[in-house]
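[1] Structure for this input, please:
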Amino acid sequence: MPIMSPSRRRSQAHKAAHRIVVQPSPPRRWLAIGFLVLCGCLLGFTGLASLPTGGVYAVIQCLAALSAIWAAWCVHRATAHCIEFVGDELRCTDGTLIASIDDIQRVDISLFAFKPSNGMVLVLGKSMSTRWQPGLWWRVGRHVGIGGCTPKAQARQLAEEIEVRLLDS
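    Okay, here's the model as predicted:
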């Protein structure tokens, strides 16, 4: 068994002991779902009401209504999960690996960053497959956005912990 310095032992114990969870808040979750359903209902009503005289535009409105209802279902399904930062991995509770600490280059929580509401953007060292969990997280190329229906305090705590880990390594 190799002998470790006390600071390295503390660092490894720190990594093992911390588990940070970013969980969508129920009011934000239901507000997002409610607005999408309301938008879908209004688009559907106006599309169906103008169907006899509206022609193509009425059909487009009905398709937009179905899209809004589908988006509400996607938000409902995605925000039923949480994001966990355990050990050296950032994972969704559905089992999806979002990013590993070894892949993260920096965390951006600045005001003008292209980030989700109440969230942050992680810049990765390598490109990963595109994924989207509306209201929770998205990943496009080398960028991962975390936030949307999540509380700002939890996202900030996660960002600070990732920054500490990046400075340690």
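[2] Only C-alpha atoms from now on, for both contacts and neighbour counts.
    Will do.
[3] residues contacting the spatially most central residue of the chain?
    For the chain, W137 is the residue whose C-alpha lies nearest the centre (Cα atoms, centre = their mean; 1.6 Å). Going by Cα atoms under 8 Å, 6 or more residues apart in numbering, W137 touches 144-148.
[4] in what helix or strand does A64 lie?
    A64 is located in helix 56-78, with elements delineated by DSSP states H and E.
[5] need the next SSE after the helix or strand bottoming out on mean pLDDT in the chain, C-terminal direction.
    In the chain, no helix or strand scores lower on mean pLDDT, DSSP states H and E than helix 6-17, which sits at a mean of 48. Note on helix 6-17: by DSSP H and E, the next helix or strand toward the C-terminus is strand 19-22.
[6] what are the pairing partners of that following strand, and which direction each?
    Strand 19-22 pairs in its sheet with strand 83-86 (antiparallel), by DSSP bridges.
[7] so how far is the longest strand along the chain off the chain centroid?
    When the chain is parsed with DSSP state E, its longest strand is strand 120-133. Strand 120-133 sits 10 Å away from the centroid of its parent chain (Cα atoms, centre = their mean, to the nearest Å).
[8] Buried residues, that strand. List them.
    120-124, 128, 133 (16 or more other Cα atoms under 10 Å).
[9] any idea which of these is closest to L90?
    Nearest to L90 out of those is L122 (Cα to Cα; 10.9 Å).
[10] From what I see, the closest one and V140 are in contact.
    No - the criterion here is Cα atoms under 8 Å, and L122 misses it with V140 at 10.7 Å.
[11] re the thing from before, can you put the buried residues of strand 120-133 in JSON lines and add pLDDT and distance to L51?
    What follows is the buried residues of strand 120-133, written out as JSON lines (pLDDT from 0 to 100; distance: Cα to Cα, whole Å):
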{"residue": "M120", "pLDDT": "90", "distance to L51": "43"}
{"residue": "V121", "pLDDT": "92", "distance to L51": "43"}
{"residue": "L122", "pLDDT": "92", "distance to L51": "45"}
{"residue": "V123", "pLDDT": "92", "distance to L51": "47"}
{"residue": "L124", "pLDDT": "92", "distance to L51": "48"}
{"residue": "M128", "pLDDT": "91", "distance to L51": "44"}
{"residue": "Q133", "pLDDT": "93", "distance to L51": "33"}
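[12] now the residues you listed as a markdown table including distance to L90?
    Listed next are these as a markdown table, based on distance: Cα to Cα, whole Å:
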| residue | distance to L90 |
| --- | --- |
| M120 | 13 |
| V121 | 13 |
| L122 | 11 |
| V123 | 13 |
| L124 | 12 |
| M128 | 14 |
| Q133 | 14 |
